[in-house]
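Enquirer: Fold the following for me, if possible:
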Amino acid sequence: MHSAGPDIRRHLLWEYDWDNLDFSSLATVVIERVIERGVPAEWQAIVDFYGIDKILSTAEKSTRLDSRHKQFTQIYLQSGFIHVVQKPGCHSA
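Expert: Reported below is the predicted structural model:
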């Protein structure tokens with residue numbers, strides 16, 4: 001079932017059926033793809049959708065991301081470029 005998700009480019013998830021994509025169950029994939037290939041607006045979109053804690057936790061546990069991506073994620077999310085407007089508990093499952 002499709003849930004309205006973060007505003008990201010479809011080609012980041014090219015192998016999935018966009019119209020039936022469940023952004024909550026695919027959170028790890030979405031977050032990893034944006035960390036690897038996302039533009040600043042997409043980073044903001046995943047922060048708004050998943051929250052910083054979920055993104056940091058996903059990056060830390062990821063077997064796909066290398067140490068450089070993991071370190072960048074921590075630095076970038078603390079840099080002030082991202083604005084936290086996330087509502088507590090929203091989509092963080």
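Enquirer: pLDDT weak spots in the protein?
Expert: Within the chain, the ranges that satisfy pLDDT under 70 run 1-3, 85-93.
Enquirer: For the residue most central in space within it, which non-adjacent residue is spatially closest?
Expert: Centroid-nearest residue in the chain: residue 31, 2.9 Å away (criterion: Cα atoms, centre = their mean). Nearest in space to residue 31, with sequence neighbours left out and distances taken as Cβ to Cβ, 6 or more residues apart in numbering, is residue 58 at 4.5 Å. Every residue, glycine included, has its C-beta placed from N, CA and C.
Enquirer: how far away is the residue nearest to the centre of the chain from residue 5?
Expert: 12 Å (Cβ to Cβ, to the nearest Å).
Enquirer: Could you check which helix or strand contains residue 72?
Expert: helix 67-77 (DSSP states H and E).
Enquirer: Which neighbouring elements make contact with that helix?
Expert: Using 3 or more Cβ pairs under 8 Å, 6 or more residues apart in numbering; DSSP states H and E, the elements in contact with helix 67-77 are helix 27-37, helix 52-61.
Enquirer: centre of the chain versus the longest one, how much separation?
Expert: In this case it means helix 27-37. Here helix 27-37 is found 5 Å from its chain centre; the criterion is Cα atoms, centre = their mean, to the nearest Å.
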